[in-house]
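Undergrad: predicted model and sequence below, questions to follow.
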Amino acid sequence: GIQVEQSPPDLILQEGANSTLRCNFSDSVNNLQWFHQNPWGQLINLFYIPSGTKQNGRLSATTVATERYSLLYISSSQTTDSGVYFCAVGPNFGNEKLTFGTGTRLTIIP
Amino acid sequence: ETGVTQTPRHLVMGMTNKKSLKCEQHLGHNAMYWYKQSAKKPLELMFVYNFKEQTENNSVPSRFSPECPNSSHLFLHLHTLQPEDSALYLCASSQDLTGAGDTQYFGPGTRLTVL
C-alpha cells in the first residue's frame, strides 16, 4: 500500500514563530488532507489539497503531486496551534482508504 | 463542532464485558468510518460503510462488530476485548467514499480502557 512519512516527528517553538511541516508519499494520489488533532483527541480537517496551494488565515498548504510531497505552513504560531498534525492520502486508483502518516507533534511555548 | 458526535467519550471495561460505541453524523453524508488510534501509531482504518453497506473490513478481529442501521448512525459493538484494544476510537463521515476526493469529518472519539 501507499506509504506516508511526516517530518519532523516533534517540533517545539516559541509563540510567534513560523513552521513548516512536511508530508512525503510513495505513490500518486487523488486525495490529500491535512488534519489537526487537539490535546483532547478531536481531529479537525484543515485542508483538502491533492495539488496546488491553499491558504486559510495563518495556515497555508502546498502539494506538489508530481514530486509526491505536501507542505503545511503555520505562521505566527499561537499556543492553540499545539497538537498533532496529520497528513492523510488516498491513492489514484483502487479503494476508498485514507492512509495516515504518523504525525508531527507541535508544541508552542508561550 | 464537526457535525459528528460520539458517545460515550470515555469507557472503562473489563475483558468479559459487552459494550457499544455510538456515532451519529448530522451532515447528510453517505459514508461512515471507524478508526483506531493507539499510542505512537498512525490511525488505523477498521471499517467503512457506504449507504449502510459495509465496504471495508480491514482485518479487524471479530470481537469488534460494527452496525450501521442507517446513513446517520454507526455503532461498534465490543465483547471479550483484550488490554491491547485500549485506544482512542474515532468515527468519521464523508459525503461519499473518500477515494472520490471527499473530505472526512471526525467525531471527538471514545477513549477506551480495557482492564
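TA: Looks like it came in fine.

Undergrad: low pLDDT regions in chain B?
TA: When the per-residue scores of chain B are filtered using pLDDT under 70, the ranges that remain are B:98-101.

Undergrad: ok, now with 50
TA: Under the criterion pLDDT under 50, no range of chain B is flagged.

Undergrad: how about the strands of chain B, start to end?
TA: Taking DSSP state E as the criterion, chain B contains strands spanning B:4-7, B:10-13, B:18-25, B:31-37, B:44-50, B:53-57, B:64-70, B:73-79, B:87-94, B:105-106, B:110-114.

Undergrad: actually chain A, sorry about that
TA: A:4-7, A:10-14, A:19-25, A:29-37, A:43-48, A:52-56, A:59-64, A:69-74, A:83-91, A:99-100, A:104-109.

Undergrad: redo those strands as a markdown table? Include distance to chain B, mean pLDDT and mean neighbour count.
TA: From N, CA and C alone the C-beta is placed, and that goes for glycine too. Compiled in a markdown table, these are given as follows (distance: least, CB to the nearest CB, whole Å; pLDDT from 0 to 100; neighbours: other CB atoms under 10 Å in any protein chain shown):
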| stretch | distance to chain B | mean pLDDT | mean neighbour count |
| --- | --- | --- | --- |
| strand A:4-7 | 8 | 96 | 18 |
| strand A:10-14 | 12 | 97 | 13 |
| strand A:19-25 | 12 | 97 | 19 |
| strand A:29-37 | 5 | 92 | 22 |
| strand A:43-48 | 4 | 93 | 19 |
| strand A:52-56 | 12 | 97 | 12 |
| strand A:59-64 | 13 | 98 | 19 |
| strand A:69-74 | 15 | 98 | 20 |
| strand A:83-91 | 5 | 92 | 24 |
| strand A:99-100 | 4 | 90 | 22 |
| strand A:104-109 | 10 | 96 | 17 |
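
Undergrad: dump these into JSON lines; add distance to residue B:75 as well.
TA: Listed next are these as JSON lines, based on distance: least, CB to CB, whole Å:
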{"stretch": "strand A:4-7", "distance to residue B:75": "29"}
{"stretch": "strand A:10-14", "distance to residue B:75": "36"}
{"stretch": "strand A:19-25", "distance to residue B:75": "32"}
{"stretch": "strand A:29-37", "distance to residue B:75": "23"}
{"stretch": "strand A:43-48", "distance to residue B:75": "20"}
{"stretch": "strand A:52-56", "distance to residue B:75": "34"}
{"stretch": "strand A:59-64", "distance to residue B:75": "34"}
{"stretch": "strand A:69-74", "distance to residue B:75": "34"}
{"stretch": "strand A:83-91", "distance to residue B:75": "24"}
{"stretch": "strand A:99-100", "distance to residue B:75": "23"}
{"stretch": "strand A:104-109", "distance to residue B:75": "31"}
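
Undergrad: that older thread, mind putting the strands of chain B in CSV, distance to chain A and mean neighbour count included?
TA: Written out in CSV, the entries for those read as follows (distance: least, CB to the nearest CB, whole Å; neighbours: other CB atoms under 10 Å in any protein chain shown):
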stretch, distance to chain A, mean neighbour count
strand B:4-7, 10, 18
strand B:10-13, 10, 14
strand B:18-25, 13, 19
strand B:31-37, 7, 24
strand B:44-50, 6, 21
strand B:53-57, 7, 13
strand B:64-70, 15, 15
strand B:73-79, 15, 19
strand B:87-94, 5, 24
strand B:105-106, 4, 22
strand B:110-114, 7, 18
